[in-house]
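Undergrad: turn this into a structure:
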Amino acid sequence: MTELLAEQRQELLLRELRATGAVRVAQLAARFGVSAGTIRRDLSELAELGRLTKVRGGAIPAPTPAPAADGPARTIGLLVPSATYYYPSVLAGVRAVAARRGARVVIALTDYGGSREPAQIDELRSSGADGLLVATAGGHHPPTATLTALRATGRPFVLLERQPEDAYEPCEFVLSDHRQGAHHAVTHLRDLGHRRVALYLADSPTAPLVREGHAAAVRRLALDPTAPVLDAGRPAPGSAEAGRQYDAFLDHCLDTGTRAALVHSDHDAIELLQRARTRGLRTPEDLALIAYDDEIAALAETPLTAVAPPKRQLGEQAAELLLDRLDAEEALPLRQVVLHPVLTIRRSCGA
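TA: Prediction:
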């Protein structure tokens, strides 16, 4: 949701720029009801995409690019599950690199339904994609049918946040080490004095990796293994079933004396924060929380400490790998990139 709102704000910002020929940070912050820092970040992102030029205190339109001297632009085909959560930042990274290197991006969405992936991959190829960046809809490992479809295109491809189940299968990918991210969060809570760290998981391709990282930290740090671990599945947001899952998790934490939890995702962490407050529990005094994803964690009533996968950098790295291969005059070695998430400290963990 946060990324969608940011994109809307940036589009309005660009409309203002086209209409007036120049914009100022202070005026935009007042108009949109956000901080000057938020506007400066918007301007930086748009400048990286080549859509404007930053100047002191504001921005002016970007210069019209000269036509490429070395033939038509290359086209990157991008297949991702979502355009509103997690992947907009990845897309921003891809677009920034594409703009800098004179490429264009064509996007297709799976909406987390993987049955059409082979057909969508073929459609991207038919649309003129010279290479493909793909985040499959299912789990961490792409289905065999999807990998077969990718190889059948004859185009180079890079997987995003995915890797083949067979570790010896030759394939380029860029992914976040979610195990390391979860381990870092649990270690931080241990360093704050917690001996029990619960885990709440919503169903997603990331969830099994977060669970593995949490379990590894509990073992390695000799924490109490009886702290609650709840796989909530994917109940509809705001449904009675979702409410029952949140309440059951809080009950289990109270019953076991657990006063800290890692929660995947941000939405679930915010819901748990609000439900804990209605019970008279304070955050972080009675229940310290760390969210996983850091999409909307900063907007919670008590801003949430969060594990932030490097989404934009992931998109940048993947686009660079793909364009390097498209531009190479000789064979390049296979490259596989693993990025570590960052723990962003806010008020909810008590640090």
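
Undergrad: check the gap between Gln313 and Phe173 for me.
TA: Separation of Gln313 from Phe173 (Cβ to Cβ, to the nearest Å): 14 Å. No exception for glycine: its C-beta is placed from N, CA and C like everyone else's.

Undergrad: neighbour count winner among those two?
TA: Shown here are Gln313 and Phe173; by other Cβ atoms under 10 Å, Phe173 has more neighbours (21 against 17).

Undergrad: so which strand or helix has the more buried one?
TA: strand 172-176 (DSSP states H and E).

Undergrad: show me what the helix or strand following that strand is packed up against.
TA: The C-terminal neighbour of strand 172-176 among helices and strands, as given by DSSP H and E, is helix 178-191. Contact here means 3 or more Cβ pairs under 8 Å, 6 or more residues apart in numbering; DSSP states H and E; on that basis helix 178-191 packs against helix 207-220, strand 260-264, strand 288-292, strand 305-308, strand 342-344.

Undergrad: flag every buried residue along stretch 26-40.
TA: Across stretch 26-40, burial judged by 16 or more other Cβ atoms under 10 Å covers 28-29, 32, 34, 38-40.

Undergrad: now the two most distant members of those residues.
TA: Spatial extent of the buried residues of stretch 26-40 (Cβ to Cβ) is set by the pair Phe32 and Arg40 at 12.6 Å.

Undergrad: tell me, how many residues neighbour Ser348?
TA: Residues near Ser348, counting by other Cβ under 10 Å: 25.

Undergrad: kindly report the same for Tyr87.
TA: 23.

Undergrad: what are the bridge partners for the nearest residue to it once chain neighbours are set aside, then?
TA: Sequence neighbours aside, Val80 is the residue nearest to Tyr87 in space, at 4.4 Å (criterion: Cβ to Cβ, 6 or more residues apart in numbering). Note on Val80: beta-bridge partners Leu109, judged by DSSP bridges.

Undergrad: output the lowest mean pLDDT helix or strand found in the chain.
TA: In the chain, no helix or strand scores lower on mean pLDDT, DSSP states H and E than helix 2-20, which sits at a mean of 73.

Undergrad: show me what the next helix or strand after that helix is packed up against.
TA: Per DSSP H and E, the first helix or strand lying C-terminal to helix 2-20 is strand 23-24. Under the contact definition 3+ Cβ pairs under 8 Å, 6+ apart, strand 23-24 sits against helix 2-20, strand 58-61.

Undergrad: tell me which of those sits most buried.
TA: Comparing those by mean neighbour count (mean count of other Cβ atoms under 10 Å), strand 58-61 comes out on top with a mean of 18.

Undergrad: what strands line up against that strand, and which way round?
TA: Strand 58-61 has these strand partners (DSSP bridges): strand 23-24 (antiparallel), strand 52-55 (antiparallel).

Undergrad: coming back round to it: could I get the buried residues of stretch 26-40 as CSV with secondary structure and pLDDT?
TA: Below are those laid out as CSV (DSSP: H, G, I helix; E, B strand; the rest coil; pLDDT from 0 to 100):
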residue, secondary structure, pLDDT
Leu28, helix, 88
Ala29, helix, 86
Phe32, helix, 83
Val34, coil, 87
Thr38, helix, 89
Ile39, helix, 91
Arg40, helix, 89
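
Undergrad: need the contact list for Arg234.
TA: 202-204 (Cβ atoms under 8 Å, 6 or more residues apart in numbering).

Undergrad: for it, grab phi and psi.
TA: Here is the backbone geometry of Arg234 (degrees, to the nearest 10): phi -140, psi 70.

Undergrad: how close does it sit to Ile345?
TA: From Arg234 to Ile345 the distance is 29 Å (Cβ to Cβ).

Undergrad: again, but for Ala207
TA: 23 Å.

Undergrad: now swap in Glu161 and tell me
TA: Taking Cβ to Cβ, one finds Glu161 at 24 Å from Ile345.

Undergrad: these two: which is more packed in?
TA: More crowded of Glu161 and Ile345, by other Cβ under 10 Å: Glu161, with 26 against 12.

Undergrad: and the more buried one, what's its pLDDT?
TA: pLDDT for Glu161: 96.

Undergrad: from memory the residue nearest to Tyr87 sits against Val105, does it?
TA: No. Taking Cβ atoms under 8 Å as the definition, Val80 is not a contact partner of Val105, at 11.1 Å.
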